[in-house]
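>>> here is the input, now give the coordinates:
(2 chains)
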Amino acid sequence: MQQEALVKEGMRGKTAAQFKQGSPFSQLWETNREVFQRDKLALFGLIIFAFFALVAILAPQIAPNDPFTPLKNADGDWISNTLPYWLAEPGEDEAEGFTNTFVLGTTNIGRDIFSQLIYGARSALLVGFSAAIAVAIIGTVVGLLAGFYGGWVDVVLMRAADVAFGIPFIPFIIVISAFFDPSIWNVVLAMSVLLWRDSSRVIRSQVLVIKEQAFVSAAKVSGASGLRIIFLHIAPSILPLSFLYGTLAIGWAILTEASVSFLGFSDPETISWGFMLQDAFNSLALSRRAFYWIVPPGICIMLTVMAGFFIGRGYEEVLFPRLRRT
Amino acid sequence: MNRGIAYYIIGRFLQSVLVLWIIVTLLFLLFRLAPGDPIANYIDVNFTREQELNLRARFGLDKPLHEQYVVYLVNLAKLDLGETFSYAGRSVLDILAEDLPNTIYLTMSSLLLAYSVGVLGGIAMAALRGSLIERVGTTFTLMTRAAPQFWVGMLLLTLFAFQWRLLPSSGIGPALVRYRWETEWDKLLSPVFWRHMILPTFTLAIYLHGLPLLLMRSNMLEVLDQDFIVMGRLTGYSESRLMIQHAARNALLPVLTALTLGIGYSIGGNVVIENVFSWPGLGRTLVEAVQESDYPLAQGAFFFIAFIIVFLNFIADILYSLLDPRVGASAQARLS
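From the prediction side, this is the model:
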């Protein structure tokens, strides 16, 4: 995805984004309306997010069991590595002293996989959205300052972006994890430190176009301060671009969090889909061919990431009509 | 090559050196100023005060910070990355030099596979635009870009290594023969090595083929709209000749630049896959080093990966400016 952003940036440089007329918020509203009306896939993405948000909020109500507690049978032993009830031999559960109601079976220490899947939506959305907000805000502010002030401000900020492009992303998070306690916030931190590089460059080039327009000169002549012009007059026009990079960052963040958890650098007190897959991997679920354990978390990650892509693509096609599919 | 491009290359080179210097400095600050003692894990409770001081002196940790920084820069320039903590004092460079080829084999073979499939697939998708096959194909490609790589690796492992028992599940050779091959050449000629490479290569290629395919497809569609294609069609050239000889040649350039950038990012991104398949490369060493708090090794591995990325970004820019002179000219205007 990094490469994609890089390559696309080159293509975009030639075409300025298209914006709506009117007040900032009606602009944003109009853009959103157009995105979701034009693009059924973007709408589908929105529905996926809404679904997982609902699951995340209602997790304690939906989940049949606590995701952490090892479940025990009548004898007090862990109900470990149980098949889902629709795969298990009938009657086997009673012989073992429990009733198999597990939609996706249990882990090797008797935790309910289905409940973990439901709770996993919480960390995925938390990481996805907080990283998206951080990336959008930092990228927007850097792009605005670099584009508006030019000169040494621009040089310093854009060289900083070059440095960020030279830092390998996943290795960087791994190194960060060496110094901080394992937590999902490491991913958010690392993304905020590095991923503003894509959005800031594009927003900067957009600011260069906008700042030549009459309304900016008018504000200057009437004595508005630089910061006032930036945040009151220019910023609203590039909000849709910030939105675009925010939505792209959601998927990227969820994927990254999953990879980092899989490598074992996540907080063992937080259930995430990546953590579940690491647990499955380390518990030899692969050699037991426990597809019921391996497949569902991956599908959930894929769905949320695709939702971000779909919405991002919808935005792109409205903002950059030249990219529209023929 | 005109003078403009020469200036551009020199400027771009100096910029890369600057970027690398900043990364190296950040790395130094991160490792030296982070909470915790870098050698805390290696001080045994039975150590006398003197032994501990000796150990510190050996790693240069008794000097003031700015002196440590100078020593660090000088050593880096000499490619002296220090000694590892966990490999019985072997030098970091030694370990990394052993890992680097494995990472490169994996990266290059997966990129080769991904870009061949991607370019051909992109041409096919452009030729079939609007058809059902195109819709299914592009949707599948989009899905591969959303699926976590390590998860795809896990699925392939379960199916091919455990369900059907067709391919080995981890490493680069049968257990305990990691050092059996006398030379790299022996390793490359060994069928066992290639068998171990199949699954990780395919896993990476499944993810990597998306970018060239989508890029090729949209470039093709753009080129196909242009006048010279219409002209060719009117002249009576066959559709396949138009596609391959006229359109594809023009659509290929951005894909090639993407490939150069892709090598760098894949080396950074391989980390997870190397760990799924226990592939003894840079990424696996980095993760192990961090887990074992082997700071010199972790630092060295990170530096290696960052260096490769900065270097390849440089090469990609140069290639692009040579192939498309407009880029060099405008960039030169920006630099001056």
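>>> element containing the residue positioned nearest the centre of chain A?
Residue closest to the average C-alpha location in chain A (CA atoms, centre = their mean): A:I250, at 1.9 Å. Taking DSSP states H and E as the criterion, A:I250 maps to helix A:235-262.
>>> and the residue in chain B that chain A sits nearest to, how far from B:F307?
For chain B, the residue positioned closest to chain A under CB to the nearest CB is B:G268, at a distance of 3.2 Å. C-beta here means a position set from N, CA and C on the backbone, and glycine is covered the same way. In this view, B:G268 and B:F307 are 11 Å apart by CB to CB, to the nearest Å.
>>> before we move on, the earlier item: is it true that the residue of chain B closest to chain A touches B:F302?
No. The criterion here is CB atoms under 8 Å, and B:G268 misses it with B:F302 at 9.8 Å.
>>> what do the two both touch?
A:P168, A:P171 (CB atoms under 8 Å, 6 or more residues apart in numbering or on different chains).
>>> more neighbours: which of these two?
Neighbours were tallied for B:G268 and for B:F302 using other CB atoms under 10 Å in any protein chain shown; the higher tally belongs to B:F302 (26 against 23).
>>> for B:S86, see how far away that one is.
B:F302 sits 16 Å away from B:S86, going by CB to CB.
>>> just to revisit the earlier point, excluding its backbone neighbours, what's nearest the residue of chain B closest to chain A?
Counting by CB to CB, 6 or more residues apart in numbering or on different chains, the nearest residue to B:G268 once its immediate chain neighbours are dropped is A:P168, at 3.2 Å.
>>> quick check: the one you found touching B:F307?
No. At 9.9 Å, A:P168 does not count as touching B:F307 under the criterion of CB under 8 Å.
>>> helix, strand, or coil at A:V103?
Using DSSP: H, G, I helix; E, B strand; the rest coil, the three-state assignment for A:V103 comes out as coil.
>>> what's the pLDDT at the residue lying closest to it once chain neighbours are set aside?
Excluding its sequence neighbours, the residue lying closest to A:V103 (CB to CB, 6+ apart) is A:F114, at 4.0 Å. Per-residue confidence (pLDDT) for A:F114: 93.
>>> and for B:D186?
79.
>>> helix or strand next in line after the helix or strand harbouring it, which one?
Taking DSSP H and E as the definition, one finds B:D186 inside helix B:184-188. Per DSSP H and E, the first helix or strand lying C-terminal to helix B:184-188 is helix B:191-208.
>>> could you export stretch B:210-217 as CSV, CA atoms only?
Provided in CSV are the C-alpha atoms of stretch B:210-217 (Å, rounded to 0.1, in the frame of the first residue of the first chain):
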residue,chain,number,x,y,z
GLY,B,210,-1.9,-6.6,-7.0
LEU,B,211,0.0,-3.4,-7.5
PRO,B,212,1.5,-4.2,-10.9
LEU,B,213,-1.8,-5.7,-12.1
LEU,B,214,-4.0,-2.7,-11.2
LEU,B,215,-1.3,-0.2,-12.4
MET,B,216,-0.8,-2.0,-15.7
ARG,B,217,-4.6,-2.3,-16.2
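>>> for it, what is the distance to the chain centroid?
Average the C-alpha atoms of stretch B:210-217, do the same for its chain, and the two points are 19 Å apart (CA atoms, centre = their mean, to the nearest Å).
>>> give me the contacts around that stretch.
Residues from elsewhere that reach stretch B:210-217, judged by CB under 8 Å, 6+ apart: A:3-4, A:7, B:114-115, B:117-119, B:121-123, B:125-126, B:138, B:141-142, B:144-145, B:248, B:251-252, B:254-255, B:258-259, B:262.
>>> next one: stretch B:250-266
If you take CB under 8 Å, 6+ apart as the criterion, stretch B:250-266 is touched by A:2-3, A:6-7, A:10-11, A:168, B:107-108, B:110-111, B:115, B:118-119, B:122-123, B:204, B:208, B:211-212, B:215-216, B:219-220, B:222-223, B:308-313, B:315-316, B:319-320, B:323-324.
>>> quick check: buried residues in that stretch?
Using 16 or more other CB atoms under 10 Å in any protein chain shown as the test for burial, stretch B:250-266 gives B:251-252, B:254-255, B:257-266.
>>> pLDDT averaged over it - what is it?
Confidence over stretch B:250-266 (mean pLDDT, whole number) is 81.
>>> right, I'll leave it there.
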